[in-house]
Structure formats: C-alpha cells, structure tokens
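# Sequence first, predicted model second:
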Amino acid sequence: MKTSILPVLALSVVVLGGCTATNQYSGNVYSGNQAQTAQNVQFGTITALRRVQIQGESSAGGILGTGGGAVIGGLLGNQVGGGSGRTIATAAGAIGGAVAGNQIEKGVNRTDAWEMEIRKDSGQTVVVVQKADQAFQVGQRVRLIGSGSRQSVAPY
C-alpha cells in the first residue's frame with residue numbers, strides 16, 4: 001500500500017511546487033515590498049506584441065522534480081524482474097525518472113506571457129515581458145507602473 005501512495009505524493013509535490021512560482025510574473029500581482037510604496041506611472045502605446053513564455057526558476061533548484069522522478073522511476077523499476085535484473089531495472093528507472101521529473105518540473109514552471117514593445121509618451125521605446133493574464137493589442141494605450149527595472153503594464 002505504501003508503494004502506491006509514494007509516487008502520487010512525490011508527483012503532487014512537484015506539481016504544487018511549480019504552480020506557486022508563476023503569479024509573480026503577472027501585472028496584477030504586487031510583491032509585499034511594493035505595497036504601500038509610491039510607484040512611478042508613465043503612459044505609452046503598444047507598438048508590437050508577441051506571445052512568449054517565461055521559464056520560472058524552481059524554488060528548490062530542480063530537486064523536487066528530479067528527486068520525485070527518481071523515486072517514482074526507482075519504484076517502478078523495482079517491480080521488474082528479480083535478482084541483478086531487478087537491481088539494474090531499479091537503477092535505470094531511477095535515472096529515467098529523474099530526467100523525466102526534471103523536465104516535468106520545468107514544464108510546470110513555464111508561464112505564457114506577452115512581450116510588449118511600448119513607445120512611451122516621452123518618445124523612449126521599452127520592452128516589458130509579463131504574464132499573459134489579460135488581453136492587450138497593438139495600438140492600445142497603457143500605463144507603465146513601477147520604478148527602476150521593475151515595470152508592469154496595465155490598461156489605460
């Protein structure tokens with residue numbers, strides 16, 4: 001019974017760990033240190049728009065996907081054969097599972113985004129990439145909110 005619960009638990013940790021990392025790329029989400037602080041606002045027009053993806057960093061450095069995949073692969077490999085064949089199958093399953101788990105974690109940490117080229121009213125052109133959680137279109141007037149290199153785009 002324990003053997004069937006462990007793979008599900010490991011996979012759940014990988015999936016849930018990746019899901020938490022994507023909201024930081026939204027123009028609708030502020031970090032704690034941005035709350036109750038003055039942000040600069042500039043206005044501009046979107047001149048080009050392209051769908052891209054943001055590859056998020058794993059909070060555990062890929063350990064969850066790799067480790068979880070190795071455990072699942074090792075358990076599955078251990079079900080094959082007997083003796084030294086079982087040992088080889090367990091090792092091969094662990095290695096294959098580690099590679100697969102790492103790739104799954106990377107996929108879970110990928111976020112659909114907009115690359116927006118914006119001509120500010122000042123004449124300067126900037127590019128901002130943020131999560132595609134709202135609709136934008138070329139020619140649309142927008143607000144650039146933030147300070148320094150941290151800018152988000154919001155409809156005007």
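Structure received. Residues are numbered from 1 along each chain as shown.
# Give me the pLDDT for Gln36.
Per-residue pLDDT puts Gln36 at 61.
# same check, this time on Gly93
71.
# For Leu49, the count of nearby residues, please.
By the measure other Cβ atoms under 10 Å, the count of residues near Leu49 is 16. From N, CA and C alone the C-beta is placed, and that goes for glycine too.
# Where in this structure is the helix or strand with the lowest mean pLDDT?
helix 2-19 (a mean of 49; mean pLDDT, DSSP states H and E).
# And the contacts of the next helix or strand after that helix?
Counting by DSSP states H and E, the next helix or strand C-terminal to helix 2-19 is strand 40-55. Residues from elsewhere that reach strand 40-55 (Cβ atoms under 8 Å, 6 or more residues apart in numbering): 22, 25, 106, 109-122, 125-126, 129, 131-132, 136-147, 156.
# Can you mark which positions in strand 40-55 are buried?
By 16 or more other Cβ atoms under 10 Å, the buried positions in strand 40-55 come out as 42, 44, 46, 49, 54.
# Just the CA trace of that strand, in PDB.
Once non-C-alpha atoms are left out, strand 40-55 reads as follows in PDB (Å, rounded to 0.1, in the frame of the first residue of the first chain):
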ATOM      1  CA  ASN A  40       6.100  55.900 -11.000                       C
ATOM      2  CA  VAL A  41       3.500  55.900 -13.700                       C
ATOM      3  CA  GLN A  42       4.300  56.600 -17.300                       C
ATOM      4  CA  PHE A  43       2.000  56.400 -20.300                       C
ATOM      5  CA  GLY A  44       2.500  54.900 -23.700                       C
ATOM      6  CA  THR A  45       1.200  52.900 -26.700                       C
ATOM      7  CA  ILE A  46       1.900  49.300 -27.500                       C
ATOM      8  CA  THR A  47       3.700  49.200 -30.900                       C
ATOM      9  CA  ALA A  48       4.400  45.400 -31.100                       C
ATOM     10  CA  LEU A  49       3.100  42.400 -29.200                       C
ATOM     11  CA  ARG A  50       4.400  38.800 -29.200                       C
ATOM     12  CA  ARG A  51       3.400  35.700 -27.300                       C
ATOM     13  CA  VAL A  52       6.400  34.300 -25.400                       C
ATOM     14  CA  GLN A  53       7.000  32.000 -22.400                       C
ATOM     15  CA  ILE A  54       8.700  32.800 -19.100                       C
ATOM     16  CA  GLN A  55      10.800  29.900 -17.700                       C
END
